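Student: Fold the following, please.
(2 chains)
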Amino acid sequence: EAEVAQSPRYKITEKSQAVAFWCDPISGHATLYWYRQILGQGPELLVQFQDESVVDDSQLPKDRFSAERLKGVDSTLKIQPAELGDSAMYLCASSSSEKLFFGSGTQLSVL
Amino acid sequence: GQQVMQIPQYQHVQEGEDFTTYCNSSTTLSNIQWYKQRPGGHPVFLIQLVKSGEVKKQKRLTFQFGEAKKNSSLHITATQTTDVGTYFCAADTGRRALTFGSGTRLQVQP
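Tutor: The predicted structure follows:
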């Protein structure tokens, strides 16, 4: 069964450093999402892409976060500079309809 | 903005007991979805409810969508240890991406 691929699986960084996460959605899925999940809470949307276009980035802290999906396939989420409060699981999801398929996520720890 | 509340936050049951989690939205929904996240895992889609008053069953799991399309429930009959995990509802207003509830963590004692 096709899966959403994410890397790295874990990332430890110091505050003020830059970090980047990568996501490769299921082939053919036009919609790609980045969600952030803090331990004990539900996923919160950061950004939604339709093909290469941003559909919703209203919850993305744009002073430090950026996301791109240049060719409408894989996507990169960047944080610069990282802050202690950014420690969380960053989940990528893709869909071709309404059902979301999530990747295994990147667990970020900012020290 | 859209708010999705889930209760309880946590439930610990003995194997064989029933379990129910409730989800309430501040706004009327076009549909609601349910996801399960095993410990250390990622959310996995369980089901989508679209129609007012809809009831769907998956083996021991029963999902309901309220008549006003603002609330939903998931009921598990005779829990098993494989049911352990966090159950999230995800609200779809049709205007933006899914809004997830805070989840209900289920622990099943063998």
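
Student: show me where pLDDT drops low in chain A?
Tutor: Of all residues in chain A, none has pLDDT under 70.

Student: Now do the strands in it.
Tutor: A:5-7, A:10-13, A:19-24, A:31-37, A:44-50, A:53-56, A:65-68, A:75-79, A:88-95, A:101-102, A:106-110 (DSSP state E).

Student: Over to chain B?
Tutor: Using DSSP E, the strands found in chain B span residues B:4-7, B:10-14, B:19-25, B:31-37, B:44-49, B:55-58, B:61-65, B:71-76, B:85-92, B:99-100, B:104-109.

Student: Just checking: what are the partner strands of the fifth one?
Tutor: Based on DSSP bridges, the strands next to strand B:44-49 in the sheet, each with its direction, are strand B:31-37 (antiparallel).

Student: could the strands of chain A be laid out in CSV, adding mean neighbour count?
Tutor: Backbone N, C-alpha and C define where each C-beta goes, glycine included. Shown next, in CSV, are these (neighbours: other Cβ atoms under 10 Å in any protein chain shown):
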stretch, mean neighbour count
strand A:5-7, 17
strand A:10-13, 14
strand A:19-24, 19
strand A:31-37, 23
strand A:44-50, 20
strand A:53-56, 13
strand A:65-68, 17
strand A:75-79, 19
strand A:88-95, 23
strand A:101-102, 22
strand A:106-110, 18
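
Student: Same list (these) but as JSON lines, adding distance to B:Ser30.
Tutor: Below are the strands of chain A laid out as JSON lines (distance: least, Cβ to Cβ, whole Å):
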{"stretch": "strand A:5-7", "distance to B:Ser30": "28"}
{"stretch": "strand A:10-13", "distance to B:Ser30": "36"}
{"stretch": "strand A:19-24", "distance to B:Ser30": "26"}
{"stretch": "strand A:31-37", "distance to B:Ser30": "16"}
{"stretch": "strand A:44-50", "distance to B:Ser30": "16"}
{"stretch": "strand A:53-56", "distance to B:Ser30": "16"}
{"stretch": "strand A:65-68", "distance to B:Ser30": "26"}
{"stretch": "strand A:75-79", "distance to B:Ser30": "26"}
{"stretch": "strand A:88-95", "distance to B:Ser30": "15"}
{"stretch": "strand A:101-102", "distance to B:Ser30": "20"}
{"stretch": "strand A:106-110", "distance to B:Ser30": "31"}
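
Student: Fine by me, thanks again.
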